[in-house]
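1. model the following, please.
(chains A and B)
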Amino acid sequence: MNKFPILLKREFWEHRSTFVVLPGVVAGFLILVMVGLFVTAGSASVNAHISISGEDQSEEWRIDADHGSMDEAIGFLLSRLQEMSEAEREHNLFRVFHGLSVPFFIIMVLVILFYLLGSLYEDRKDRSILFWKSMPVSDFATVSVKLFTALVAVPAVYLVSAAIVQVALLLIASIAALGHDIEIYKMLWVPSNLAGRWFTNIAYLLLQGIWSLPMYGWLMLVSAFARSVPLAWFLGIPIAVSIVEGMVLKSSTIGQWMAHHSSPTPYTFNREFQIADVLPYLMSVDTYIGVLVGVVFLGGAIWVRGRADEL
Amino acid sequence: MSEVVHARGLSKHYGKFEALRNVSFDIEAGSIVGLIGPNGAGKTTTLKALLGLTEFEGDLEVLGQDPRKGRHRIMERVCFIADVGVLPRWLKVSDALDYVEGVHPGFDRAKAEAALAETKISHRQKVKQLSKGMVTQLHLALVMAIDVDLLVLDEPTLGLDILFRKSFYERLINDYFDHNTSIIISTHQVEEIESLLTHLIFIDEGEIVLNCSMEELPDMFSEVLVSPENIELALEYSPIHAREMLGRRSMIFENVSRDTLNELGEVHTPSIADLFVAKMRKG
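-> Numbers count the residues shown, from 1 in each chain, chains lettered A, B, ... in the order given. Below you'll find the model as predicted:
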């Protein structure tokens, strides 16, 4: 029998609030704000909207509150959009849409971090490990499903939530543009290239997962063996290793490597990431070493889990 | 397969504390074994070792496999209920049914739902909303719906009221036990399971103090209500336990023939509870 689907569901039952409710609430909040901005034509809202769309653009992007009506502001923005070159238009729209997905990515990273840290610890603490282990599920399957949850399932939910917000913005913008003299499809939909962005994001998140594998493996290993405060072990040992390395070997190679693999790949803040950029990352020796270290940690987590008892 | 469990020289220590000292025993297919001992005697450690839930030294085979190597394979044929409700608080009753159905090939969902229907537990409740007794009921409903070769119950009815305990053991015997299944029950409440057992294992301070079948018991142990004039004589057969009862003296003897004892007074087989007290005091 294929136990994988039910084991994955189990993870979502336990972590419904951070895997499902939280991204839903963030998406709902963002959509509500967007709708609110377009419906209420107050001048304060106009300002807020312009600053989102305009970001760090030059002066001509800004409109004063005196401009008054929402309609006028939208008209102004649309006319600016039309005046731009194709490349400029794509670039500016990308900034807006990517900006909308950034909060999701940041929250997701924190959610995954704390999820993995508790993944093999909480059930020892509340003794439910005795129930889980009384079921015919191997320790390999247990660890694998939790890793899959962190690498694929949770990113997928956050990606979809971000996508929904992006589509909502595109729809709202299109509705707002209806009364204006602008080719909505050509000026908004095509340059937004949402579907293309999503593929890039999927590629990016998978890359991010592979890149972070040593950290994920370490999180699960700590979660499997810590008898208390896994967070202290998770941070403490790498910090101790770095200090010892600095004192004994007078180097910082390992410390830097750990810091490198526990921070996001440069893309998170590099807005012009392309799918083609994935390859060099995937092909690098550094990534291979990281995967190897991650696999060793995960193997350790499975081994420790096999011997784990209630706390 | 006549032996379900084959254990030789099991030892386990937590730091300096020896939880199990060189424990050996066998459990035959179709038997109902009572594992009886005071708190901290090593009951739970023994059961956990059988299930691959803890590390230990020694040779152990459960259904022909070493539980240290293939816990998940053994669990397809073994069920286990730990002493108190260990179901996670966030689990919903309906999800618990889905989960066991999804991972256990021997689970009969209809049977579990029928058992739950007899309780006040609703499918939409979470474990944290259930009382302690209800959590145990839920756990029992799940486990008793699984068809296995060996059922391990560690203090299954602890914290439950007497009505539930009675019906639990009735169901265990009438609905569940079919002579292909073996059951190991650890408990304090000896008298409640006395009539069910086929075998008895007493454990104290990590060692087995008694391991016999219920059929052997009358040959090995006798309780005598000794007449006052025979007390001196009775003491010569070194009773393992003596107590005052209704003005007469009751003594328990081990391996003394009934013919001899008949001369001292009225002889019968001691209850497990009395035997337990006798054996434990001895150590």
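2. in terms of contact, does residue B:156 touch residue B:143 like I think?
-> No. At 9.1 Å, residue B:156 does not count as touching residue B:143 under the criterion of C-beta atoms under 8 Å. For the C-beta atoms, the positions are set from N, CA and C on the backbone; glycine is no exception.
3. can you check which residues contact both of the two?
-> Shared contacts of residue B:156 and residue B:143, defined by C-beta atoms under 8 Å, 6 or more residues apart in numbering or on different chains, comprise residue B:81.
4. now the strands for the chain?
-> Because you didn't say which chain, this covers chain A. Applying DSSP state E to chain A gives no strands.
5. ah, no, chain B please
-> Using DSSP E, strands in chain B cover B:3-14, B:17-28, B:32-36, B:57-62, B:78-81, B:150-154, B:182-187, B:199-204, B:207-213, B:221-226, B:241-245, B:248-254, B:265-268.
6. need the ones you listed in a markdown table (columns: mean neighbour count, mean pLDDT and distance to residue A:133).
-> Formatted as a markdown table, those follow (neighbours: other C-beta atoms under 10 Å in any protein chain shown; pLDDT from 0 to 100; distance: least, C-beta to C-beta, whole Å):
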| stretch | mean neighbour count | mean pLDDT | distance to residue A:133 |
| --- | --- | --- | --- |
| strand B:3-14 | 17 | 87 | 17 |
| strand B:17-28 | 18 | 86 | 19 |
| strand B:32-36 | 25 | 89 | 20 |
| strand B:57-62 | 17 | 88 | 14 |
| strand B:78-81 | 26 | 85 | 8 |
| strand B:150-154 | 23 | 88 | 12 |
| strand B:182-187 | 24 | 88 | 17 |
| strand B:199-204 | 22 | 88 | 23 |
| strand B:207-213 | 17 | 85 | 25 |
| strand B:221-226 | 23 | 83 | 38 |
| strand B:241-245 | 14 | 79 | 40 |
| strand B:248-254 | 21 | 83 | 39 |
| strand B:265-268 | 16 | 80 | 44 |
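7. these: which one's closest to residue A:142?
-> Closest approach to residue A:142 among these is made by strand B:78-81 (16.5 Å; C-beta to C-beta).
8. so what does that closest one touch, helix or strand wise?
-> Contacts defined by 3 or more C-beta pairs under 8 Å, 6 or more residues apart in numbering or on different chains; DSSP states H and E place strand B:78-81 against helix B:132-144, strand B:150-154.
9. tell me the most buried of these?
-> Most buried of the helices and strands packed on strand B:78-81, by mean neighbour count (mean count of other C-beta atoms under 10 Å in any protein chain shown): strand B:150-154, with a mean of 23.
10. now the angle between helix B:132-144 and that strand, please.
-> For strand B:150-154 against helix B:132-144, the angle by axes from the mean of the first three to the mean of the last three C-alpha atoms, to 10 degrees is 170 degrees.
11. okay, now the sheet partners of strand B:150-154, with direction.
-> Sheet pairing here is set by DSSP bridges, and for strand B:150-154 it gives strand B:78-81 (parallel), strand B:182-187 (parallel).
12. figure out which of those is closest to residue B:136.
-> Closest approach to residue B:136 among the strands paired with strand B:150-154 is made by strand B:78-81 (8.0 Å; C-beta to C-beta).
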